[in-house]
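Visitor: only geometry, no sequence info:
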RNA sequence: GGCAGCGUAGCUCAGGGGUAGAGCAGAGGAAUCAUAAUCCUUUGGUCGGGGGUUCAAAUCCCUCCGCUGCUACCA
């Protein structure tokens, strides 16, 4: 039976427009999803938008529209960037959709049924400006007799609110045991330490409903409450699979998820609350949560006031779709924070894709076109060097890449790829087929065959990162679309001599270095 | 303030107790099939500052500086 692979991005909060960070996480997931599909897995890839909560409500009011209209508009922007970045998601979930609301309520009921929800009161020093409650020792009384939050200086008033609570305090030990038994659950290591120390510090019960506004999912049986946005939001990973609906076949098939990608700022929600909710509802936990870092731009934090916020469209305009995908994953190890420098990105694309891989393909195809009648040449006996190169690109490379993908090391996978490209270019120079043309045409045909076969294997392997370009290259080798998976890397699916090839065209045009954002 | 991470060649980043690594950028050479691309050689760092442990520290410990995230109901 085919192995399933369920992968999710976070659902993006619609209080702002999509930016480079959203693109980054989404692209990383897409690359993983494509890799797994090519590797024979039955993949389900989910992304979506998180649309409830007071911030969205306020943003809608500020814009003078009702919240549903507002979220429709912003969610659409997030949906629009998916085809623009060539994202292969199988589904898009919105937390305002009927299917999600229903599923979230079913989850609530499942947790309630287990005895983990109780009604209580929430009280504390509330700062309207911060939308946050503070402990008494987090506030001070100033000369004017009023109370202010120490951290923000916002004025606080005593508030009491009826609220439902989740018995998070009861789950600390079971969470720690879960982390212990599943050491790969949280990555990278820094996030894991943070989460474990947080849990060890002791967990308090979690308020999971609100009565102060109504832009949310009604609590089953007590509709003056709406569900806490994180309980609402996290449940998307199962509601999108039909959890709690009449047809939960996808849920049966794909849950638990193999991989939740998150930004490093939301690891706590995914690594503490989410498993606790699921365990309480007696649902299996996801296998892995991996947090990616944040980008800064040319050494500076991205911010609206600095005017250096980079949007997905900016990246596409500058680097093309495949170029944007490539430069985001090439240098920075997934999980680390990074500094995005345009000059480096251009250099990277030019030297790796244009000069390295693109030129390898072009010189190979061009020689075949001119010297072999535009057909795949007929190879003779293979030398040791021929065989070594073919083994590297057909077998060893994908083996190495697979290992790196297991640990989300996209940049390391690309390093292996570029190493193979370099070896192929070395091979061209050593064999010098342009000399063989006069001295030994049969040997030239063999060398060009080995090279064409090398380009085929490399193009197949690089598909997850630069799908459109890789496909163009495979078109030029007359590889049919159903013969492009990793299973086709082997000798049995090698190029057939005599196959007519189209006129070669450059696939990775060089970019000009340009300064400033 | 507390917790965690980071600070390594001009740039982007690996590494992590035993004579400092990669790619790009720079320099020199070879070749000319190719998107003037390729291939070879090569310059370059007292691994943020200071202190300590050790025969030996970029790597462990302490401290200081700078940056980042979290600090509970706020994505």
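Guide: Yep, that arrived. Computed from a predicted model, the values in this text were never measured in an experiment. Numbers count the residues shown, from 1 in each chain, chains lettered A, B, ... in the order given.
Visitor: Read off the pLDDT value for residue A:332.
Guide: For residue A:332, the pLDDT comes out at 82.
Visitor: Just to check, it is in contact with residue A:296?
Guide: No. Using C-beta atoms under 8 Å, residue A:332 makes no contact with residue A:296, being 11.1 Å away. All C-beta atoms are positioned from the backbone trio N, CA, C, and that covers glycine.
Visitor: Name the residues contacting each of the two.
Guide: Counting by C-beta atoms under 8 Å, 6 or more residues apart in numbering, the residues touching both residue A:332 and residue A:296 are residue A:338.
Visitor: between these two, who's got more neighbours?
Guide: residue A:332 (19 against 15; other C-beta atoms under 10 Å).
Visitor: Look up the closest residue to the more buried one, ignoring the ones flanking it.
Guide: residue A:338 (3.7 Å; C-beta to C-beta, 6 or more residues apart in numbering).
Visitor: Read off the pLDDT value for the closest residue to RNA strand B within the stretch 251-400 of chain A.
Guide: Here the residue of the stretch 251-400 of chain A nearest RNA strand B is residue A:358; by C-beta to the nearest atom of the strand that distance is 2.1 Å. For residue A:358, the pLDDT comes out at 97.
Visitor: three-state assignment of it?
Guide: Under DSSP: H, G, I helix; E, B strand; the rest coil, the three-state class of residue A:358 is helix.
Visitor: and if you look at residue A:465?
Guide: Following three-state DSSP, the label given to residue A:465 is coil.
Visitor: which phi and psi does it have?
Guide: Torsion angles at residue A:465 (phi, psi; degrees, to the nearest 10) stand at phi -80, psi -50.
Visitor: Could you double-check that it sits in contact with residue A:414?
Guide: Yes. Look at residue A:465 against residue A:414 with C-beta under 8 Å: they come within range, at 6.9 Å.
Visitor: Overlap in contacts, these two.
Guide: A:326, A:329.
Visitor: Spell out, range by range, the helices that occur in the stretch 201-350 of chain A.
Guide: Ranges of helices in the stretch 201-350 of chain A, per DSSP state H, counting those that start in this stretch, are A:229-234, A:236-239, A:249-254, A:267-268, A:274-280, A:312-330, A:342-348.
Visitor: typed the wrong thing, it's the stretch 1-150 of chain A
Guide: With DSSP H, counting those that start in this stretch, the ranges of helices along the stretch 1-150 of chain A come out as A:20-38, A:54-62, A:67-84, A:98-113.
Visitor: Any idea which of those helices gets closest to residue A:313?
Guide: helix A:67-84 (7.3 Å; C-beta to C-beta).
Visitor: So for the closest one, what gets flagged as buried?
Guide: A:67, A:70-71, A:74-75, A:77-79, A:81-82 (16 or more other C-beta atoms under 10 Å).
Visitor: counting contacts, what elements does it pack onto?
Guide: Applying 3 or more C-beta pairs under 8 Å, 6 or more residues apart in numbering; DSSP states H and E, we find helix A:67-84 packed against helix A:20-38, strand A:42-50, helix A:54-62, strand A:91-94, helix A:312-330.
Visitor: can you give me the angle the second one makes with helix A:54-62?
Guide: Right, strand A:42-50. When axes from the mean of the first three to the mean of the last three C-alpha atoms, to 10 degrees is applied, the directions of strand A:42-50 and helix A:54-62 differ by 50 degrees.
Visitor: quick check: mean pLDDT across strand A:42-50?
Guide: Taken as a whole, strand A:42-50 has an average pLDDT of 96.
Visitor: And for the shortest one?
Guide: In this model, strand A:91-94 has a mean pLDDT of 96.
Visitor: That strand pairs with which strands, and in what direction?
Guide: Strand A:91-94 sits in its sheet next to strand A:42-50 (parallel), going by DSSP bridges.
Visitor: distance between the partner strand and the chain's centre?
Guide: 10 Å (C-alpha atoms, centre = their mean, to the nearest Å).
Visitor: right, is that strand up against RNA strand B?
Guide: Yes. Strand A:42-50 lies within reach of RNA strand B by C-beta under 7 Å from any atom of the strand, at residue A:50.
Visitor: That strand versus helix A:98-113: what angle between them?
Guide: Interaxial angle, strand A:42-50 versus helix A:98-113 (the same axes, to 10 degrees): 90 degrees.
Visitor: Buried ones in strand A:42-50, by neighbour count?
Guide: For strand A:42-50, by 16+ other C-beta under 10 Å, it's A:43-50.
Visitor: and what of stretch A:479-499?
Guide: For stretch A:479-499, a neighbour-count test (16+ other C-beta under 10 Å) marks A:479, A:484, A:486, A:488-489, A:493-495 as buried.
Visitor: can you put those residues in CSV and add secondary structure and pLDDT?
Guide: Converted to CSV, the buried residues of stretch A:479-499 look like this (DSSP: H, G, I helix; E, B strand; the rest coil; pLDDT from 0 to 100):
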residue, secondary structure, pLDDT
A:479, coil, 97
A:484, coil, 98
A:486, helix, 98
A:488, helix, 98
A:489, helix, 97
A:493, helix, 97
A:494, coil, 97
A:495, coil, 97
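Visitor: Dump those residues to JSON lines, plus distance to RNA strand B.
Guide: Shown next, in JSON lines, are those (distance: C-beta to the nearest atom of the strand, whole Å):
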{"residue": "A:479", "distance to RNA strand B": "17"}
{"residue": "A:484", "distance to RNA strand B": "19"}
{"residue": "A:486", "distance to RNA strand B": "23"}
{"residue": "A:488", "distance to RNA strand B": "22"}
{"residue": "A:489", "distance to RNA strand B": "21"}
{"residue": "A:493", "distance to RNA strand B": "24"}
{"residue": "A:494", "distance to RNA strand B": "21"}
{"residue": "A:495", "distance to RNA strand B": "18"}
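Visitor: wait, what's in contact with residue A:261?
Guide: So residue A:261 contacts A:7-10, A:25, A:28-29, A:32, A:290, A:292 (C-beta under 8 Å, 6+ apart).
Visitor: Any idea how many residues pack against the residue nearest to it when sequence neighbours are not counted?
Guide: Leaving aside its sequence neighbours, residue A:261 sits nearest to residue A:29 (C-beta to C-beta, 6+ apart; 5.0 Å). By other C-beta under 10 Å, the residues close to residue A:29 number 24.
Visitor: what separates residue A:29 from RNA strand B, distance-wise?
Guide: To RNA strand B, residue A:29 is 15 Å away according to C-beta to the nearest atom of the strand, to the nearest Å.
Visitor: isn't that residue right next to residue A:45, touching?
Guide: Yes. Using C-beta under 8 Å, residue A:29 makes contact with residue A:45 at a distance of 6.6 Å.
Visitor: Common neighbours of these two, please.
Guide: Common contact partners of residue A:29 and residue A:45 (C-beta under 8 Å, 6+ apart): A:7-8.
Visitor: And for stretch A:165-172, what's in contact with it?
Guide: The contact list for stretch A:165-172 (C-beta under 8 Å, 6+ apart) reads A:111, A:115-120, A:199-200, A:202-208, A:231, A:272-273, A:276-277, A:279-280.
Visitor: Those also near RNA strand B: which ones?
Guide: A:202-207.
Visitor: Using JSON lines, please lay out those residues together with neighbour count and pLDDT.
Guide: Putting these into JSON lines (neighbours: other C-beta atoms under 10 Å; pLDDT from 0 to 100) gives the following:
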{"residue": "A:202", "neighbour count": "8", "pLDDT": "83"}
{"residue": "A:203", "neighbour count": "19", "pLDDT": "87"}
{"residue": "A:204", "neighbour count": "9", "pLDDT": "86"}
{"residue": "A:205", "neighbour count": "18", "pLDDT": "89"}
{"residue": "A:206", "neighbour count": "20", "pLDDT": "88"}
{"residue": "A:207", "neighbour count": "17", "pLDDT": "87"}
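Visitor: which one among the residues you listed gets closest to residue A:399?
Guide: Distances from residue A:399 to these, taken as C-beta to C-beta, are shortest for residue A:203 (42.3 Å).
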